[in-house]
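Student: 3D, please:
(chains A, B, C and D)
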Protein chains: 2
Amino acid sequence: MMNRGGKRMGAGRPKGTNHYGEPTKPVRIPVSKIDRVLRFVREREDGIPLYGNEVPAGFPSPADDYAEGVLDLNAHLVREPTATFFVRARGDSMIGAGIHDGDLLVVDRSLEATNGKVVIVSINGELTVKRLRQAKGRTWLIPENPDYPPIDFQEQDDTHLWGVVTNVVHSL
Amino acid sequence: MMNRGGKRMGAGRPKGTNHYGEPTKPVRIPVSKIDRVLRFVREREDGIPLYGNEVPAGFPSPADDYAEGVLDLNAHLVREPTATFFVRARGDSMIGAGIHDGDLLVVDRSLEATNGKVVIVSINGELTVKRLRQAKGRTWLIPENPDYPPIDFQEQDDTHLWGVVTNVVHSL
DNA sequence: TTTTTGAATAATGTAACAACATTCAAAAGG
DNA sequence: CCTTTTGAATGTTGTTACATTATTCAAAAA
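Tutor: As a prediction, this is how the structure comes out:
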């Protein structure tokens, strides 16, 4: 093997040619979460596009500028992670509010349960979802289905108001 | 300062007393995502609990065992990230399928649009959501609202079937 | 007995390193 | 003069190493 020459100006791998197009730094991650972190970091640089009602040029090509940007469902649906939980809805008593049997309800305990909000309450160990209605110093739980009667509600030992439903996830 | 003694058996910080209760490893993360990764790793060790229809003891305390475990909305609603996009629904023509004006639709392009599926199509540059119905060699787009007429559908230059709606996110 | 204090040991953020990837242009070959 | 070969140059990347910090213990001091 013979020498193949000396200095080469401008040689070498150019900056910014890494997988992400930006610098990286080592961050310490608990081992059980490394998989999910790597999936988040590597597989979806673009997130999932969100479109409005017009068909954008090249729709739905992830390389485009998105009509309404990009969406992280966890962040979009959960404002207060520590105060949030999910409940699966049963029955059709709230069909008028768009809540169907089997739907997933996102419940925020940090929101105030004011008049007209859809809330999760427990009555005798059963969870139920109804609309809260306060009038004339009394509180009612109103189903959104004429087949069901309103419930006279007052917090006691066996009843408790757990939180406000912010979102309904319905599977088709 | 005087010497305060020699060997101490069992002294020192005990193992497993870190923030996570498990070992950590450095992972290289693109700088723009470090914030979100740290938030994910640090702020929510428990995830968000998912409950069924009975009230578990101590509900809803994150320390409990959850009736149905823990849920990551992105993973739960998005099976094929690269083939998925979101569309915001307009109008009430699919009210019977639980799709309301302003709802967020999760659309999977990798699923086959078979008879009976709810699909996203573009017609003359407008996106619309309807139920696909194939019969007698023809294809129809059926609204789920008696106020709207079925549409005779065939893919042409100005029409295209974009994907199958898998989930509907409805905000209250 | 209680308090003070430094030794012992784990956790943590980051620098450093070795292995790898990428690009360039000089040298070789035609 | 053009094409191919080849090693230098330089960035990237996963992991190790390390200095600093945090935590606990028990001997020494009070």
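
Student: domain ranges for chain A?
Tutor: Following automatic domain parsing, one finds the domains of chain A at A:27-71, A:79-172.

Student: Least confident secondary structure element in chain A?
Tutor: The helix or strand of chain A with the lowest confidence, counting by mean pLDDT, DSSP states H and E, is strand A:70-71 at a mean of 54.

Student: Now tell me what touches stretch A:27-42 from outside.
Tutor: The contact list for stretch A:27-42, computed with C-beta atoms under 8 Å, 6 or more residues apart in numbering or on different chains, reads A:19-20, B:20, B:22-30, B:33-34, B:36-38, B:40-41. Backbone N, C-alpha and C define where each C-beta goes, glycine included.

Student: Quick check: A:Val164 touching A:Val121?
Tutor: No - with contact defined as C-beta atoms under 8 Å, A:Val164 does not count as touching A:Val121 (10.9 Å).

Student: Show me what the longest strand belonging to chain A is packed against.
Tutor: When chain A is parsed with DSSP state E, its longest strand is strand A:159-171. On a contact count with 3 or more C-beta pairs under 8 Å, 6 or more residues apart in numbering or on different chains; DSSP states H and E, strand A:159-171 meets helix A:73-77, strand A:104-108, strand A:118-123, strand A:126-135, strand B:159-171.

Student: Which among these is found nearest to DNA strand C?
Tutor: helix A:73-77 (22.3 Å; C-beta to the nearest atom of the strand).

Student: tell me what the closest one is packed against?
Tutor: On a contact count with 3+ C-beta pairs under 8 Å, 6+ apart, helix A:73-77 meets strand A:159-171, helix B:73-77.

Student: For my notes, confirm A:Arg13 occurs in a strand.
Tutor: No - read with DSSP: H, G, I helix; E, B strand; the rest coil, A:Arg13 is coil and lies in no strand.

Student: what about it, how many neighbours?
Tutor: 7 (other C-beta atoms under 10 Å in any protein chain shown).

Student: ditto for A:Glu80
Tutor: 11.

Student: what does A:Lys117 give?
Tutor: 16.

Student: Quickly note the distance from it to A:Val31.
Tutor: Distance of A:Lys117 to A:Val31, computed by C-beta to C-beta, to the nearest Å: 41 Å.

Student: Just the pLDDT at the closest residue to DNA strand D within chain A, thanks.
Tutor: DNA strand D sits closest to A:Gly12 of chain A, with a gap of 2.1 Å, by C-beta to the nearest atom of the strand. pLDDT recorded at A:Gly12 is 71.

Student: Could you tell me the end-to-end distance of stretch A:90-99?
Tutor: Distance across stretch A:90-99, first residue to last, is 9 Å (C-alpha to C-alpha, to the nearest Å).

Student: these two touch, right, A:Gly91 and A:Asp101?
Tutor: Yes - here A:Gly91 reaches A:Asp101: they are 5.9 Å apart, a contact under C-beta under 8 Å.

Student: Looking at those two, which is more packed in?
Tutor: More crowded of A:Gly91 and A:Asp101, by other C-beta under 10 Å: A:Gly91, with 16 against 12.

Student: hmm, back to that, of the contacts of stretch A:27-42, which count as buried by neighbour count?
Tutor: Buried members of these, scored by 16 or more other C-beta atoms under 10 Å in any protein chain shown, are A:Tyr20, B:Tyr20, B:Thr24, B:Val27, B:Ile29, B:Pro30, B:Lys33, B:Val37, B:Phe40, B:Val41.

Student: ok, back up a step: JSON lines for the helices and strands packed on strand A:159-171, including distance to B:Val107?
Tutor: Output for the helices and strands packed on strand A:159-171, formatted as JSON lines (distance: least, C-beta to C-beta, whole Å):
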{"stretch": "helix A:73-77", "distance to B:Val107": "13"}
{"stretch": "strand A:104-108", "distance to B:Val107": "18"}
{"stretch": "strand A:118-123", "distance to B:Val107": "26"}
{"stretch": "strand A:126-135", "distance to B:Val107": "27"}
{"stretch": "strand B:159-171", "distance to B:Val107": "4"}
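
Student: returning to that earlier point: among the domains of chain A, which is nearest B:Asn145?
Tutor: domain A:79-172 (13.9 Å; C-beta to C-beta).

Student: most residues in a single helix of chain A, which one?
Tutor: The residue-count maximum for a helix in chain A (DSSP state H) belongs to helix A:34-43.

Student: Where does pLDDT dip in chain A?
Tutor: For chain A, the stretches flagged by pLDDT under 70 are A:1-10, A:42-72, A:81-82, A:155, A:157.
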